[in-house]
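Peer 1: need the 3D shape of this:
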Amino acid sequence: MPEHQNLHQVASRVAAIEPFRVMEMVKQAAAMRSAGIDVISMSVGEPDFTAPEMVAQAAIDAIRGGATQYTESLGLPALREAISGHYSRFYGLDIDPRRIVVTAGASAGLLLACAALVAEGDEVLMPDPCYPCNRHFVSAFGGKPVLLYSSAAERYQLTAAHLAEHWNERSRGVLVASPSNPTGTSMTVPQARELLGAVRARGGFAIVDEIYQGLSYDGKPVSALALDDNVITVNSFSKYFSMTGWRLGWLVVPEKLVPVFEKLAQNLFICAPTIAQHAALACFRDDALDIFESRRLEFRRRRDFLVPALRELGFAVPVMPDGAFYVYADIAGLPHRHAGDSTAFGKAVLEEAHVAIVPGDDFGFAAPRRHVRFSYATKYERIEEAVQRLARLLGK
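Peer 2: Numbering: from 1, shown residues only. Okay, here's the model as predicted:
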């Protein structure tokens, strides 16, 4: 074997996967905390709430009862039934439990969807800005993510007009999120209906990420499943149900695709974590749902404080985020030396104000240098303190 041959040559697809920059900010903030600096985290998209006691107890009971072996690849039948009941109770939808695929987090669900639908060279349209991993899921299967600038007037969402302008012979589908990370904005019902109709008219697929839909604040959310039964929706126990590290999510897929997803799940994951599945059954108890609802209202309280406060400081937030726990803010008009560079601004906010936020670089290519993302998944009092620190930094 020639000496120069690389025994560990990395596959070319890896070059299309960019680092998740928010994690670098998290590491720097953690290092500062280790040095004794009080850093307020408004960076990571993780609820500060954890699974309530009855969910934790269900996990303990599963372990003690020996319910720790593999489940069916599609998930525990009882959990699929419970998720189906959740759609009936909260959305008025009759979803056959057989269409529900329980996954190892929403990330695994998105990987399964892309594995099933994206072929080498296929183009998948998505909005700019969007969650960075979504485009990387597409790239991992040889597809080409096509990010299309989505303005505040479009609620930072993909629209039927985008498809009319950009769909071509290589286009295969769309991947959207409602509510969205990083903007916290949802598609309106007419907007979603028009987009899904435009995809259907072109024979494409639609993957709709609904992991933040339980955290909606300005009206009852409408699932894409109510508008088009052929969409694939992705959901998760991480956000509304506060189970991030449990790694549990689900898909709803068209009936004809269930065998495809089952085959892929069997081979790629075997099954989602068994203990987490047994614990998640407790999420649908009335007393647990009361807790989740109170937490949703607390997130809304934080939003209703933070958005006006940021606007008062000079951040532009042209669209009130109606869901999730993010504010996507334009810094271009701020009285700061780095107002035109979100990376330098984020670094200054961390090092001088000791507040961790996320520069826009992760979320797209259209206007990342003028945007930052705030997460309000932290205590209300800490958010108040963060605003005071920002005010001092900006000379307010």
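
Peer 1: tell me the secondary structure for the most centrally placed residue in the chain?
Peer 2: The centre of the chain sits closest to N181, judged by Cα atoms, centre = their mean, with a distance of 5.3 Å. Classification of N181 using DSSP: H, G, I helix; E, B strand; the rest coil returns coil.

Peer 1: not counting sequence-adjacent ones, nearest residue to it?
Peer 2: Spatial nearest neighbour of N181, chain neighbours left out: Y131 (4.4 Å); criterion: Cβ to Cβ, 6 or more residues apart in numbering. Heads up, the C-betas are built off the backbone N, CA and C, glycines and all.

Peer 1: any idea how far that neighbour is from C283?
Peer 2: From Y131 across to C283, the span is 23 Å (Cβ to Cβ, to the nearest Å).

Peer 1: these two: who's more crowded?
Peer 2: It is C283, of Y131 and C283, that has more neighbours when counted by other Cβ atoms under 10 Å, with 25 against 21.

Peer 1: pLDDT wise, what is the nearest residue to the more buried one once chain neighbours are set aside at?
Peer 2: What sits nearest to C283 in space, not counting adjacent residues and going by Cβ to Cβ, 6+ apart, is F241, at 4.9 Å. Looking at F241, its pLDDT reads 98.

Peer 1: I figured F241 was touching G214, is that so?
Peer 2: Yes. Shown here, F241 and G214 form a contact pair, counting by Cβ atoms under 8 Å, at 7.4 Å.

Peer 1: intersection of neighbour lists for those two?
Peer 2: F292 (Cβ atoms under 8 Å, 6 or more residues apart in numbering).

Peer 1: more neighbours, those two?
Peer 2: More crowded of F241 and G214, by other Cβ under 10 Å: F241, with 27 against 22.

Peer 1: sec struct for the more buried one, please.
Peer 2: Classified using three-state DSSP, F241 is coil.

Peer 1: try M320
Peer 2: Classified using three-state DSSP, M320 is coil.

Peer 1: state the distance from the residue lying closest to it once chain neighbours are set aside to R373.
Peer 2: The shortest distance from M320 to any non-neighbouring residue, by Cβ to Cβ, 6+ apart, is to V307 (6.2 Å). Applying Cβ to Cβ, the value for V307 to R373 is 13 Å.

Peer 1: what's the answer for I60, then?
Peer 2: 36 Å.

Peer 1: same thing with A108?
Peer 2: When distance is defined by Cβ to Cβ, A108 is 24 Å away from R373.

Peer 1: and for E72?
Peer 2: Applying Cβ to Cβ to E72 and R373 gives a distance of 38 Å.

Peer 1: and those two? which has more neighbours close in?
Peer 2: A count of neighbours by other Cβ under 10 Å puts R373 above the other of E72 and R373, at 25 against 14.

Peer 1: could you list the low-confidence segments of the stretch 1-150 of the chain?
Peer 2: 1-7 (pLDDT under 70).

Peer 1: so which residues of it form helices?
Peer 2: Assigned by DSSP state H, counting those that start in this stretch, the helices in the stretch 1-150 of the chain fall at 21-34, 53-64, 77-91, 105-117, 132-140.

Peer 1: quickly compare these and say which is most buried.
Peer 2: Across the helices of the stretch 1-150 of the chain, the average number of neighbours (mean count of other Cβ atoms under 10 Å) peaks for helix 105-117, which reaches a mean of 23.

Peer 1: for it, give me every contacting residue.
Peer 2: By Cβ under 8 Å, 6+ apart, the surrounding residues in contact with helix 105-117 are 101, 103, 133-134, 137-138, 140-141, 143, 172-173, 175, 205, 207, 209, 211, 232, 234-236, 238, 247-251, 253, 257, 260-261, 264-265, 268-269, 272.

Peer 1: and the residues you listed, which of them are in helices?
Peer 2: Counted as lying in helices by DSSP state H, out of the contacts of helix 105-117, are 133-134, 137-138, 140, 260-261, 264-265, 268.

Peer 1: of all these, which two lie farthest apart?
Peer 2: Using Cβ to Cβ, the pair of the ones in helices among the contacts of helix 105-117 lying farthest apart is C133 and V260, separated by 22.3 Å.

Peer 1: quick one: average confidence on stretch 359-378?
Peer 2: Per-residue scores along stretch 359-378 average to 94.

Peer 1: just stretch 216-224 next, same as before
Peer 2: Rounded mean pLDDT across stretch 216-224 is 96.

Peer 1: same question for stretch 306-323.
Peer 2: Rounded mean pLDDT across stretch 306-323 is 98.

Peer 1: so which bits of it are buried?
Peer 2: 306-307, 309-310, 313-317, 319, 321-323 (16 or more other Cβ atoms under 10 Å).

Peer 1: how near is S375 to Y326?
Peer 2: Per Cβ to Cβ, S375 is found 6 Å from Y326.

Peer 1: now, among the buried residues of stretch 306-323, which is nearest to E384?
Peer 2: Proximity of the buried residues of stretch 306-323 to E384 (Cβ to Cβ) peaks at A309, which lies at 8.3 Å.

Peer 1: quick check: the closest one vs R337, distance?
Peer 2: 22 Å.

Peer 1: quick one on the thing from earlier: make JSON lines out of the helices of the stretch 1-150 of the chain and add distance to S151.
Peer 2: Output for the helices of the stretch 1-150 of the chain, formatted as JSON lines (distance: least, Cβ to Cβ, whole Å):
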{"stretch": "helix 21-34", "distance to S151": "23"}
{"stretch": "helix 53-64", "distance to S151": "40"}
{"stretch": "helix 77-91", "distance to S151": "29"}
{"stretch": "helix 105-117", "distance to S151": "25"}
{"stretch": "helix 132-140", "distance to S151": "19"}
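
Peer 1: per-residue pLDDT, the residue nearest to S238 when sequence neighbours are not counted?
Peer 2: Excluding its sequence neighbours, the residue lying closest to S238 (Cβ to Cβ, 6+ apart) is T244, at 4.5 Å. In this model, T244 is scored at 97, pLDDT.

Peer 1: my guess is T244 meets D48, correct?
Peer 2: No. Using Cβ under 8 Å as the test, T244 is too far from D48 to be in contact (10.5 Å).
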